[in-house]
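Engineer: Task: produce atomic coordinates for the following.
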Amino acid sequence: MHPTASEAAAPPAVMGIVNVTPDSFSDGGRAAAPAAAIGLARRHLADGAAFVDIGAESTRPGAAEIPLEEEWRRLAPVLEVLLAEGAPVSVDTRKAEIMRRALALGAPMINDVSALTFDAAALDVIAGASCEVVLMHAKGLPEDMQENPTYDDVAAEVLSYLEARIAACAAAGIERRRIVADPGIGFGKTFRQNLELMAALPRFRELGVRLLVGASRKGFIGWLTGVKQADRRLGGSIGAALAAAAGGADILRVHDVAETVQALAVFHAARNGHPPPSDR
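Structural biologist: Numbers count the residues shown, from 1 in each chain. So this is what the prediction gives:
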């Protein structure tokens, strides 16, 4: 379904972010209403996104867990419309029951920031489905993950964690072809640790699964550039996307789809000396 880093014929796939939340760090709740979220998802797809990633519970630093039914109340009207249209949707959730309901509607991918550890039933839900799943590394919960995160070697520890989660999935019967690994930029890491992870991305190819990187508008970009307002970090986000592409990412999770797709097309063509085959 997605290109792999070894396929020089195409740049990474782009996943467009849709936050159906009133407290998103990146857009201040602009897509909290169902109509706004549906419209944004359609724009992302029209702009070249291979997937749209729809989440209804904020996992920004400091965010608190919301009740399951409140999460579903926000998600359901958006998923019902988009999945009925056949849209390629990823559902961003930590809760097994939300996963079950989304999969019943036909969602082809689940994106879990806890790598199927937050809810004890999540592993069995995914094992019993045919969907793809994103396993992300996060140190701690959103409520406390940025309270002095420490590592001896951040890249080695994140890599080891993802190896263990992939092994747990395989033991449960989830085929590796269905698994995507995400090092979790901004989730329980300092700004410097995020940069260390970005520099170490080629090591994550050792996992033998597709690699997703979500660095768009993250705090380390503001730290590097001095841009405090998240939705004004387009340039830095493009820089992070290209660095991730150079590091072997298969999928880039971004807010600014059209601009990222354009940047990747030029980056890929310049790096390889020719446009991708889809270019006419």
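Engineer: pull the longest strand from this protein.
Structural biologist: When the chain is parsed with DSSP state E, its longest strand is strand 13-19.
Engineer: Could you list the alpha-carbon positions for the next helix or strand after that one in PDB?
Structural biologist: Per DSSP states H and E, strand 13-19 leads on to helix 34-46 as the next helix or strand towards the C-terminus. The C-alpha trace of helix 34-46 is given here as PDB (Å, rounded to 0.1, in the frame of the first residue of the first chain):
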ATOM      1  CA  PRO A  34     -17.200  17.400  11.800                       C
ATOM      2  CA  ALA A  35     -17.800  19.400   8.700                       C
ATOM      3  CA  ALA A  36     -14.400  21.200   9.100                       C
ATOM      4  CA  ALA A  37     -12.600  17.900   9.700                       C
ATOM      5  CA  ILE A  38     -14.200  16.200   6.700                       C
ATOM      6  CA  GLY A  39     -13.300  19.200   4.500                       C
ATOM      7  CA  LEU A  40      -9.700  19.200   5.700                       C
ATOM      8  CA  ALA A  41      -9.400  15.500   5.000                       C
ATOM      9  CA  ARG A  42     -10.700  15.900   1.500                       C
ATOM     10  CA  ARG A  43      -8.300  18.800   0.900                       C
ATOM     11  CA  HIS A  44      -5.400  16.700   2.100                       C
ATOM     12  CA  LEU A  45      -6.300  13.900  -0.300                       C
ATOM     13  CA  ALA A  46      -6.800  16.300  -3.200                       C
END
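Engineer: Just the mean pLDDT for helix 34-46, thanks.
Structural biologist: The pLDDT scores in helix 34-46 average 97.
Engineer: if I look at Glu71, how far off is Gly55?
Structural biologist: 9 Å (Cβ to Cβ, to the nearest Å). Placement of C-beta: from N, CA and C, glycine included.
Engineer: Overlap of the contact sets of the two?
Structural biologist: Thr93 (Cβ atoms under 8 Å, 6 or more residues apart in numbering).
Engineer: Who are the packing partners of the longest strand of the chain?
Structural biologist: On a contact count with 3 or more Cβ pairs under 8 Å, 6 or more residues apart in numbering; DSSP states H and E, strand 13-19 meets helix 34-46, strand 51-55, strand 251-254, helix 257-272.
Engineer: Any chance of CSV for the ones you listed, columns mean neighbour count and distance to Ser216?
Structural biologist: Formatted as CSV, those follow (neighbours: other Cβ atoms under 10 Å; distance: least, Cβ to Cβ, whole Å):
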stretch, mean neighbour count, distance to Ser216
helix 34-46, 19, 12
strand 51-55, 26, 11
strand 251-254, 28, 4
helix 257-272, 17, 8
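Engineer: So for Ala245, which of the ones you listed sits nearest?
Structural biologist: helix 257-272 (6.1 Å; Cβ to Cβ).
Engineer: Would you pull up how far that closest one lies from the middle of the chain?
Structural biologist: Its chain's C-alpha centre lies 19 Å from the corresponding centre of helix 257-272 when counted by Cα atoms, centre = their mean, to the nearest Å.
Engineer: CA atoms only for it, dumped as CSV, please.
Structural biologist: Extracted in CSV, the C-alpha atoms of helix 257-272 (Å, rounded to 0.1, in the frame of the first residue of the first chain):
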residue,chain,number,x,y,z
VAL,A,257,0.3,18.3,2.7
ALA,A,258,0.4,20.3,-0.6
GLU,A,259,3.7,22.0,0.4
THR,A,260,5.3,18.8,1.6
VAL,A,261,4.3,16.9,-1.5
GLN,A,262,5.8,19.6,-3.7
ALA,A,263,9.0,19.7,-1.7
LEU,A,264,9.4,15.9,-1.8
ALA,A,265,8.9,15.9,-5.6
VAL,A,266,11.7,18.3,-6.1
PHE,A,267,13.9,16.7,-3.4
HIS,A,268,13.5,13.3,-4.9
ALA,A,269,14.0,14.4,-8.5
ALA,A,270,17.1,16.4,-7.6
ARG,A,271,18.5,13.5,-5.6
ASN,A,272,17.9,10.9,-8.2
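Engineer: Check which helices and strands it sits against.
Structural biologist: Partner elements for helix 257-272 (3+ Cβ pairs under 8 Å, 6+ apart): strand 13-19, helix 234-246, strand 251-254.
Engineer: Okay, now the sheet partners of the first one, with direction.
Structural biologist: So that's strand 13-19. strand 51-55 (parallel), strand 251-254 (parallel) (DSSP bridges).
Engineer: mind listing the strands in this structure by residue range?
Structural biologist: Under DSSP E, the chain gives strands at 13-19, 51-55, 89-92, 109-112, 132-136, 179-182, 210-213, 251-254.
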